[in-house]
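Peer 1: Sequence first, predicted model second:
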Number of protein chains: 2
Amino acid sequence: MVTNPRRERDRSQREQLIVTTAREIAEEEGWDAVTTRRLAAKIEYSQPVLYSHFSGKGAIMAAAALEGCTEMAADMRKGAGAAEGSREALLRLAENYFDFADRKPALYDAIFILASELSFASPDSPEPLKDAFGALLEVVGPVSGEYDPGLYTETFWAALHGLVTLERSRRLPADARTERIGMLVDRFAVGG
Amino acid sequence: MVTNPRRERDRSQREQLIVTTAREIAEEEGWDAVTTRRLAAKIEYSQPVLYSHFSGKGAIMAAAALEGCTEMAADMRKGAGAAEGSREALLRLAENYFDFADRKPALYDAIFILASELSFASPDSPEPLKDAFGALLEVVGPVSGEYDPGLYTETFWAALHGLVTLERSRRLPADARTERIGMLVDRFAVGG
DNA sequence: TAGCTTGTCTAGCGGTGCTAGCATGTTCGT
DNA sequence: ACGAACATGCTAGCACCGCTAGACAAGCTA
């Protein structure tokens, strides 16, 4: 086994190209449109090449999800320190959460709905996942009151996730989003 | 155009058979396992017969979802009147909700995750959907406090839905379910 | 009974994720 | 410098998917 540095560099570059291209297609037309044939054509390689990098489509989505998770953590921390009180901080967090889901729907889907090849809520979870949860914990934990901060954060997160998914699938009308977020934040901020 | 009553009866009987069989397969192996070929084989007809009853697989899932919704509404009302206070009522509702999602995961998926051929939250929504939401509203509305009961119920429902889906996809560990439900109910019951 | 309608089937289309096996290109030991 | 060994990417194909056109049989009407 030889490990030519240049070849290895090319290889990892191509791997990144696969993930990036998959994200592009997904953001434009959804993950259903990311077929292995189309993806292969767009990176100008044949289908089997994908399988020399990833074990399958699911693994490609998982890789994209990890990237997205890092970005999401950064987004949620954006302007987090500037909030006046704990309720305002919670509100801004919720808005940032929704904002990410709006702007990068394909990434949100990959992380939280599809591609469960990632291990969540576990010591061996990938770092980006832990970091994203940490971003939530920093803001939600302080208002957990008598409850366990971790569990309290999970519950608040789940509520946000429910609102996002039901709204996205048109099971909830989007026009009352602000009111719903306001209620949720009000109720969860009482511990602070 | 003739409408022989017996033939019509047979026909609607077969239509019911399709939905019931689809539900059976889905409950055992998930909706992915409900392929038109397999479904056709199990009812001992050929594939195209399905399309003489439904416009496609999605419509079959929607029909199953509607059935499930009726059952869910009934389940959620089960023992609802027996609760002592509004918090207990809310807690029992949440437990019934989770219980349904546990016992009939395929139906839950059909209703709330897949097959969005149904129109939610609209005047022309199917009756079972309105009824299921009504079952929630009856219990959640009274604790909405200063908020709009409908929106408050939607928000509480979304929170439950988020907990269910994240737990089901193993993004949340199931062992702390009771604690999370307790927190959610505590926070939302303050209005009563 | 003849003809028409209705219903059901076989066969097939274009698509999916994925893989076996061949041919090319690269590297290494002699 | 050359032949062997290896790595790499390709073509072609598998088994499956949802869905449909068109042939054929069964039933009803006149």
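Peer 2: That came through, no problem.
Peer 1: how about the top helix by length along chain A against DNA strand D, any contact?
Peer 2: Assignment by DSSP state H gives helix A:5-29 as the longest helix of chain A. Yes. Counting by C-beta under 7 Å from any atom of the strand, DNA strand D is contacted by helix A:5-29 at A:7, A:11, A:14. In short, each C-beta sits where N, CA and C put it, glycine included.
Peer 1: residues making contact with that helix?
Peer 2: Here helix A:5-29 makes contact (C-beta atoms under 8 Å, 6 or more residues apart in numbering or on different chains) with A:33-34, A:38-39, A:42-43, A:45, A:49-50, A:53-54, A:60-61, A:63-64, A:67-68, A:104-107, A:109-110.
Peer 1: List the contacts of whatever residue of chain A ends up closest to DNA strand D.
Peer 2: Residue nearest to DNA strand D within chain A: residue A:46 (3.1 Å; C-beta to the nearest atom of the strand). Residues near residue A:46 by C-beta under 8 Å, 6+ apart: residue A:40.
Peer 1: Quick one, grab the pLDDT at it.
Peer 2: The model reports residue A:46 with a pLDDT of 96.
Peer 1: swap in residue A:172?
Peer 2: Confidence for residue A:172, expressed as pLDDT, is 96.
Peer 1: quick one: the longest helix of chain A near DNA strand C?
Peer 2: Yes. For helix A:5-29, a contact with DNA strand C is found by C-beta under 7 Å from any atom of the strand, at residue A:7.
Peer 1: Which of the residues of helix A:5-29 next to DNA strand D ranks first by neighbour count?
Peer 2: Neighbour counts for those (other C-beta atoms under 10 Å in any protein chain shown) peak at residue A:14, which has 15 neighbours.
Peer 1: if I look at it, how far off is residue A:67?
Peer 2: Noted for residue A:14: a distance of 16 Å to residue A:67, by C-beta to C-beta, to the nearest Å.
Peer 1: Residue of chain A closest to chain B, please.
Peer 2: Per C-beta to the nearest C-beta, residue A:162 is where chain A lies closest to chain B, at 2.8 Å.
Peer 1: where's the nearest residue to that residue once chain neighbours are set aside, which helix or strand?
Peer 2: Leaving aside its chain neighbours, residue A:162 sits nearest to residue B:162 (2.8 Å; criterion: C-beta to C-beta, 6 or more residues apart in numbering or on different chains). Assigned by DSSP states H and E, residue B:162 belongs to helix B:149-168.
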